[in-house]
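# Below is the sequence, then the predicted model.
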Amino acid sequence: MFFARNIVRPQSRKALKLLEKGRTPHVLDDCVHPTGLVDQEGAVGCTPLVHPVHLNHFLHNCTFDERVQSMEHVVRILKGEVQPRQKAATTLYIKGSTAAAATELQRRQIRLIQKMHGGILSERVDSTNTFVQSLLQKSKEGIAPGEAEVAVYRGLVEALCSKDRGAAVALAMDPSLPSLGSACCAALVRLVDLNLETACTAFLETFMDKDRTVPLGDTCATALAERLSQQNKTDMLRLLLKYPVDPSVLLLPDRTLFLSWCERHFGNSPHPAERAAAVRQFVRETYLQPRQRTIDALNRWCLTDVGREWFQFCLAPVTVTRRDDGSTPADSVLEAWHQTCERIAMLDARKNLVEHRLLHQYTFFLSQGYISATDESFPYFLDECGESHSSAERPAQICFTVRPPADDRDSLLAALRRLAPRCAYWCALLDHVEDHVSCTVCPWGDVRVAVTLPPAHECCAVARAALSQAEASEPSPFPVLLEDAHVVVCAKPAGVATSRHALSCTQLGRPTCDLISTQLAKTGGELRRRVFRQGQVHRLDTGTSGSIVMAKTDAAADSLRHQMGTSARLTFIPKLYRALCVVVENDLTNVPLKGEIKDHGDARVRTQYRVVQFFSSSRIALVECRIQQGKKHQIRRHLASIGLPLCGDVDHGGAACCQSLFRRVALHALAVSFIHPDTGLKTTVLSPVPSDFRDALATLRQQEPGSEGKRSSLMMASGKRV
C-alpha cells in the first residue's frame, strides 16, 4: 500500500505494514480493507484501502468479464457507492486533516485501479476500440476526460507497448486523446532503436504536439533523453535541444549540452537580470520541476539565485499559465506536478524552504506533520523567523507535535528547549512561555504545541527612536560606501551586530539595535521591509568591522545571494579580510605562509590566506584572507586550525589569544567584490581600516627592532616565499 506511506504518521507505520502483509484473499472483498483515520485534532474518518498485490492475485484466475466487473466493483467501493463487507479493524494516524487524507487516498487508489483496468482492456480489441471511441467522442464535443479516464488510457497504452507496438504508438500519438504520463513515455521509449538517429528523430517529431501540453519532466523527449544519458550517447542527445526536454537530464553526460540548451531557449544576454527573467518565464510556461542540479546549473548560468521564486511558484496553489501557443496542461496533470514539487521541497527543507525564506510554506508542512520539529532544519527555521522584519514573510503562529518526555523527572519545557538549544530567539520565546506557547494532547499521545510569534521586531523600534533623537549634523553610525537603486554597501563598526532577533531587547534586558534595523528605520525603510531579510546576503560577526552588502530589490537579492550568500558556488572569491594572528607554533618552519583551507563539514567552504607581515618580537602575523560563502566563524576556525588563531579569539585559540593589544577579535572586512545585478559589471568596494586596527599595527611596528615588521624573518626560517 505504497500510496498511503507518505500520508501515515510514524506512529502508524507498523499498523500499515501489518495491513500490507495480510492473508491471501479468496473473495474480492478481502482485497479491500476499511481503515479508520485519525488526525492531530482528533477528527475521525474511515476509508477503504485496496491491497494491489492481493487484488492482482485474485484476478489471476478470473475471466476477462469477471476482471472488468471486479475493477468496477472496487471503484464503487472506493467512491462510497458500495459498502465493503468487512468492518474497520485498523486505525491509522495521518498527517494533515482526516478529510484531506481520505480524499487524497481515494484519488490515488482510483488512479491505480483504473490503470489496472486499462491493462485488462488491452487484452481485447473490441473493448479497446469502444473505450477509445468514447474518448474521441468527448474530445469532439469539447469535454475534457476525467482523471479516471486518463488513468485507464495510460494503463491501456502502457500494456499495449508489450503486446501490440503499432497500436500503442497509434493511440499514444493521437493529439485528441489524453496526455501521457512518465510511465507511458518510458514504455514507449523502449520501442525506439537508440542506435538510429532517424528513429530517434521520428519518435521526437511524433510526440512533439503532446509533449507541449505536459510539464517538461513528463515528456517523451525527457524519457528518451534519460535513456540516451544512461547509455552515454552524447551525440544523440544533441538532437533533443530543440524539443521539450527537462534540462536536468542534459547535465549528467556533458555540461556543454546544457549551455547549448540555455542559449537556444534564453538567448545569450550578458545581463544577469535579463537571464534570470527569461528563466523565470520559462519555468512558468513549462512547469519545470525544481530539481537541485537544474537550479544550481541555472544559478551559475545567469549569476542569480532563481531558486526562491521557482519554489514560490511551484508551492503556490495550482494556477494554469497559458503558453505562447495557447495550450494549457490539464488540471490533473498540474496537480500531480504540484505534489511532486512539494516532495522535492521537503527532501531538503533547510535548503529549499528555510534558506529561500519560504517561511509560510515551511510552517504549513510543519503543522501538517510532513516536517518534524526534530528535523535538522527546525533551528534554522526559528532563526529566520526571529530575524525577519516583515509580518508578511514571518508566520503569526507555528504548530507542531512532539513526543512527551519519557522520564517523569523531565519537563515538556525542557524538551522544547532541546529542539533548538542554540537559537536565542527560541530560548527567549520559551522564557515567556505563558505569553507565547499553548499545548494540547494528540489522540496518539504526542503533544501538539502552538507557538505565537511576536508581531513586531523590538530592534526596529529602538532604531527609530535613536534616529528621531539624533541631530541632523551628527554623522551616520554606519557610513555608506556605495548606494544606488539596487544595492547599498555600509561600513559596519566593530561591536554592532549585523542583525538581531525580534526579542533581543527583552532577552538582554536593555535597548539594543543592529545594522539591518537601522537601515529599515530610515526613510523608505518600510518599502524595503519585505525585501531586506532576503536582501541580507551575508553578515559579519559582531566583533568584526568592515564592508557589508545589502540588496534593495528582490532581483538584486537573488543575484547577490548566488554570488556570496548561502547559495554561492565557487566562481570567484568576493570577500577580502585582514586579520592579526598569534603565531602559536614554536618552530617557525611549521607555519605555512600561504594556502587554502577546506572546511571539514563542507569541502566547498574554503579560506585562501597569505601571511603579509610578521612581527617577530610580538609573534603576531598580519594575514590576508579571501573567502566566498562566509560560514559562521569560518576564518576564525580555519586560521586556528593551522596555528594562526586571531588575536582576541579565545573561543578558538585559547589563552594564547589574550592580548592587551586588541580588545576584540582582530578581523576587518577590507573589501567586497560582486557582479552588479543590474549592469553586470564587477564592482569592488573598500572599507577604511578602523582606528583600533591602525593603532595596533603602529604599535607592533614600533616594537620591532627595525623600522618595519620583518617580513623576511619568517620566510627565511621556513624556507618559503609569500
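Thanks, I have the structure now.
# Can you name every helix or strand that the host helix or strand of residue 340 contacts?
With elements taken from DSSP states H and E, the one containing residue 340 is helix 331-347. Helix 331-347 makes packing contacts with helix 307-315, helix 359-368 when contacts are defined by 3 or more CB pairs under 8 Å, 6 or more residues apart in numbering; DSSP states H and E. The C-beta positions use only the backbone N, C-alpha and C, and glycine is treated the same way.
# would you list every one of the helices in the stretch 101-250 of the chain?
Counting by DSSP state H, counting those that start in this stretch, one finds helices in the stretch 101-250 of the chain at the ranges 125-140, 147-160, 165-173, 182-189, 197-206, 208-211, 220-230, 234-237, 247-251.
# need the next SSE after the last one, C-terminal direction.
Next in sequence after helix 247-251, counting helices and strands by DSSP H and E, comes helix 255-266.
# could you check the angle helix 307-315 makes with the following helix or strand past that following helix?
Stepping forward along the backbone from helix 255-266, the first helix or strand reached (DSSP H and E) is helix 272-286. Here the directions of helix 272-286 and helix 307-315 differ by 20 degrees (axes from the mean of the first three to the mean of the last three CA atoms, to 10 degrees).
# Quick check: which helices or strands does helix 272-286 pack against?
helix 255-266, helix 292-302, helix 307-315, helix 554-564.
# Residue 203 versus residue 173, what's the distance?
Using CB to CB, to the nearest Å, we find residue 173 at a distance of 10 Å from residue 203.
# So between those two, which is more surrounded?
residue 203 (24 against 18; other CB atoms under 10 Å).
# now the stretch 351-500 of the chain, which segments are flagged as low pLDDT?
Applying pLDDT under 70 to the stretch 351-500 of the chain flags residues 408-410, 470-477.
# go on, the stretch 51-200 of the chain?
Low-confidence segments of the stretch 51-200 of the chain, defined by pLDDT under 70, are located at 88.
# and residue 447, what are its phi and psi?
In this entry, residue 447 is assigned phi and psi values of phi -100, psi 130 (degrees, to the nearest 10).
# List the contacts of it.
Neighbouring residues of residue 447 by CB atoms under 8 Å, 6 or more residues apart in numbering: 401-404, 412, 439-441.
# Kindly report the same for residue 25.
Each residue near residue 25 by CB under 8 Å, 6+ apart is listed here: 31, 51, 54-55, 57-58.
# Just the pLDDT at it, thanks.
According to the prediction, residue 25 has pLDDT 75.
# Return the distance of it relative to residue 50.
Applying CB to CB, one obtains 11 Å for the distance of residue 25 from residue 50.
# How is the protein partitioned into domains?
The domain map for the chain lists 11-270, 335-452, 458-702, with the assignment taken from the TED database.
# From start to finish, how long is the shortest one in a straight line?
When you say that, I think you mean domain 335-452. 32 Å (CA to CA, to the nearest Å).
# Can you give the distance from that domain to the centre of its chain?
What separates the centre of domain 335-452 from the centre of its chain is 16 Å, taken as CA atoms, centre = their mean, to the nearest Å.
# So that it lines up with my notes, have the first residue be 11 from now on.
Taking 11 as the first residue, the last one we looked at is domain 345-462.
# Residue 712: neighbour count?
When counting by other CB under 10 Å, one arrives at 8 neighbours for residue 712.
# ditto for residue 600
Residues within reach of residue 600, counting by other CB under 10 Å, total 12.
# Repeat that for residue 443.
The local packing of residue 443 (other CB under 10 Å) involves 14 other residues.
# which SS state does the residue nearest to it when sequence neighbours are not counted fall under?
Closest residue in space to residue 443, ignoring its immediate chain neighbours: residue 423 at 6.3 Å, by CB to CB, 6 or more residues apart in numbering. Here residue 423 is recorded as helix under DSSP: H, G, I helix; E, B strand; the rest coil.
# Run a quick check on residue 423 versus residue 440, I expect a contact.
Yes. Contact between residue 423 and residue 440 holds when scored by CB atoms under 8 Å: they sit 6.4 Å apart.
# Please identify which of the two sits among more neighbours.
A count of neighbours by other CB under 10 Å puts residue 440 above the other of residue 423 and residue 440, at 18 against 14.
# Hmm, residue 459 and the more buried one touching each other?
No. Look at residue 440 against residue 459 with CB under 8 Å: they stay out of range, at 10.6 Å.
# overlap in contacts of those two?
426, 447.
# just to revisit the earlier point, right, so the helices and strands packed on helix 282-296: which one is the most enclosed?
With neighbours defined by mean count of other CB atoms under 10 Å, none of these is more surrounded on average than helix 564-574, at a mean of 25.
# name the helices or strands packed onto it?
Helices and strands touching helix 564-574, by 3+ CB pairs under 8 Å, 6+ apart, are helix 282-296, helix 317-325, helix 535-545, strand 555-561, strand 677-685.
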